[in-house]
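Student: predicted model, plus sequence, below.
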Amino acid sequence: MAIVTDRQYRQILSTALAERSSGIEDLVSDSVVLYNVLKDKGRIRPFSGPEIRQTLQFNKQEAQWIRGYDFLANPPIELWNDAVWTPKTVFVPMSLTGQEMRANEGENQIFDIVDNYLEAAERALVDAFDEALHGDGTADGGKAIIGLAGAVPIIEANGVYGGIDRNTVTLWQTTTFDAQTDFSAIGTQVSSTTIRPMLSSIAAKRSRGTRYADLLIMSEEHYFAYDAATVAIQRIAKESRLGSLGFRGLEYVGGGKGAEIVLASGMNTNMPANTTYGIETRSMAIRNRASLNFANLFDGEGQKPINQDAIAQFIGWEGELTLTNPLFTWRFYDSNPAA
């Protein structure tokens, strides 16, 4: 007689999923630098309903200086509009056949196989998020979230974002700086001698008061150029929770501003080469549906088809990456590194 029945097996699977699913968000956070920073700054926010909607101020009222009997103007002004994003959904399947169950009867074997399947599912979710957060939203036929490539595109007036046409609403555009063409007084290539003055120029141009990019996500080329630009006494290592999680980080101070610099690289990295994203984190958020935030699709034991000797479960997430004030977020890249 089997030591572990099918019913008992499914209870083990259900318990293991319940214990592990709550930690999957931490696993994604620990592996994906942008997710980690936004989570650390409280920028992971829930939404409800069929869409993610954000009210934006696209215009301003004009103050008027008057003297004596001057007339006061009161023109109609449309101050507000909404940006709208359609939430995207991702699932990672987990299924086992009855043959696998029976081949792994016994408590130790059962837990081993469940752990192995869960680890594979968790790795798949991490890879999917890293790819999507660097993507432009066109992956899988447009079903993926709109990542940095779409929120901060190379072509500033490129397409519709959040339901608003960037080509007609200039306030909805981020800014792109090309080392090859935009810094003639400094140079045409990113190097240890040019990267600091280039970044300082950008910081001065794309900031106002307390509004500026406080996070710089760099490819290897830019990060190591910046690292080489500073001598040991000047280099400021960013000792933060990111550092404790293994993300290599520095502190940038220049152009009257300061920002955290993190390196986005590694095997099979999705970060574009020769690129820095300057992100104002107060304007960026990951919006998730509370009921499907790295949660099981099916309650309890999962589903067992009536005509198959198997059991199935899915771990899912639904939401979108949103950028609600593009003016202080920018992309800096080197279109011709060999120039």
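Tutor: Everything's here; your move. Numbering: from 1, shown residues only.
Student: in the protein, what helix or strand scores lowest on average pLDDT?
Tutor: Counting by mean pLDDT, DSSP states H and E, the weakest-scoring helix or strand in the chain turns out to be helix 241-244, with a mean of 51.
Student: what is residue 161 paired to in the beta sheet?
Tutor: residue 164 (DSSP bridges).
Student: how near is it to residue 208?
Tutor: Taking C-beta to C-beta, to the nearest Å as the measure, residue 161 falls 22 Å from residue 208. No exception for glycine: its C-beta is placed from N, CA and C like everyone else's.
Student: between those two, which is the more surrounded one?
Tutor: residue 161 (23 against 8; other C-beta atoms under 10 Å).
Student: pretty sure that one contacts residue 150?
Tutor: Yes: with contact defined as C-beta atoms under 8 Å, residue 161 counts as touching residue 150 (6.8 Å).
Student: report how many residues lie close to residue 302.
Tutor: Residues within reach of residue 302, counting by other C-beta under 10 Å, total 20.
Student: where does the prediction get shaky in the stretch 51-200 of the chain?
Tutor: Along the stretch 51-200 of the chain, the parts satisfying pLDDT under 70 run over 57-59, 77-80, 101, 103-112.
Student: hey, where'd the strands end up in it?
Tutor: Taking DSSP state E, counting those that start in this stretch, the strands of the stretch 51-200 of the chain run over residues 52-57, 80-85, 88-97, 160-161, 164-165, 175-178.
Student: distance to residue 320 for these - can I get that in TSV?
Tutor: Shown next, in TSV, are these (distance: least, C-beta to C-beta, whole Å):
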stretch	distance to residue 320
strand 52-57	5
strand 80-85	5
strand 88-97	6
strand 160-161	11
strand 164-165	15
strand 175-178	22
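Student: got the phi/psi numbers for residue 259?
Tutor: phi -150, psi 150 (degrees, to the nearest 10).
Student: that should have said residue 215, apologies.
Tutor: Dihedral angles (degrees, to the nearest 10) for residue 215: phi -130, psi 130.
Student: beta-bridge partners for it, please?
Tutor: Residue 215 forms beta bridges with residue 260, residue 279, as assigned by DSSP bridges.
Student: what about it, neighbour count?
Tutor: Neighbours of residue 215 under the rule other C-beta under 10 Å: 23.
Student: could I get the contacting residues of it?
Tutor: With contact taken as C-beta atoms under 8 Å, 6 or more residues apart in numbering, residue 215 is in contact with 37, 259, 260, 262, 277, 278, 279, 280, 281.
Student: and the two most separated of those?
Tutor: Across those, no pair lies farther apart than 262 and 280, at 15.1 Å, counting by C-beta to C-beta.
Student: per-residue pLDDT of residue 217, please?
Tutor: Note for residue 217: predicted pLDDT of 94.
Student: now swap in residue 204 and tell me
Tutor: Turning to residue 204, the model gives it a pLDDT of 90.
Student: what about it, which SS state?
Tutor: Under DSSP: H, G, I helix; E, B strand; the rest coil, residue 204 falls in the helix class.
Student: in the chain, which spans are helices?
Tutor: Shown for the chain, the helices assigned by DSSP state H span residues 6-31, 33-40, 98-103, 107-133, 139-142, 148-151, 195-205, 220-229, 241-244.
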